[in-house]
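Engineer: Got a sequence here, can you build the structure:
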Amino acid sequence: MVGLDFEEMRCMQQELHRKYHEKFGEGWKELSPDIGRDKLLWMFVEAGEVADIIKKQGDGEIMENSEVRCHFTEEMCDVLMYFNDVLICYGITPEEMARVYREKHERNLQRW
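Structural biologist: You can find the predicted model right below:
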């Protein structure tokens with residue numbers, strides 16, 4: 001399987017949340033706007049972990065050392081997972097994201 005789109009990532013995150021909400025109840029809150037900011041903050045924490053790997057291990061290690069690369073990629077996945085949680089919290093669909101992303105890309109192409 002090659003590629004992973006927002007729809008598949010969204011479904012995976014929803015599956016994860018259903019599982020843990022059933023297991024832990026209110027301790028694992030439903031994804032909704034009232035916890036969207038928390039998910040965004042956790043995404044920043046994960047991005048900081050990515051930055052730490054770059055800072056401490058360096059670009060060369062990420063490119064050449066399979067263990068470091070795996071750890072770096074795993075942390076990037078954590079960032080994406082929280083990113084998708086934020087989208088779900090605010091009801092942003094994959095279709096909406098794709099449309100706005102394309103529009104933004106076109107504006108950026110015209111910028112300078």
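
Engineer: What helices and strands are in contact with the helix or strand of the chain at the bottom of the mean pLDDT ranking?
Structural biologist: Of all helical and strand segments in the chain, the minimum by mean pLDDT, DSSP states H and E falls on helix 6-24, at a mean of 89. Packed against helix 6-24 by the contact rule (3 or more C-beta pairs under 8 Å, 6 or more residues apart in numbering; DSSP states H and E) you find helix 66-89, helix 94-110. (Each C-beta comes from the backbone N, C-alpha and C, glycine too.)

Engineer: Show me the contact partners of the shortest one.
Structural biologist: The set of residues that contact helix 94-110 without belonging to it, under C-beta atoms under 8 Å, 6 or more residues apart in numbering, is 5, 6, 7, 10, 87.

Engineer: at 10 Å instead, please
Structural biologist: Residues outside helix 94-110 that contact it (C-beta atoms under 10 Å, 6 or more residues apart in numbering): 5, 6, 7, 8, 9, 10, 11, 84, 87, 92, 93.

Engineer: Heading C-terminal from the one helix or strand residue 38 maps to, find the next helix or strand.
Structural biologist: Using DSSP states H and E, residue 38 sits in helix 33-57. Note on helix 33-57: by DSSP H and E, the next helix or strand toward the C-terminus is helix 59-64.
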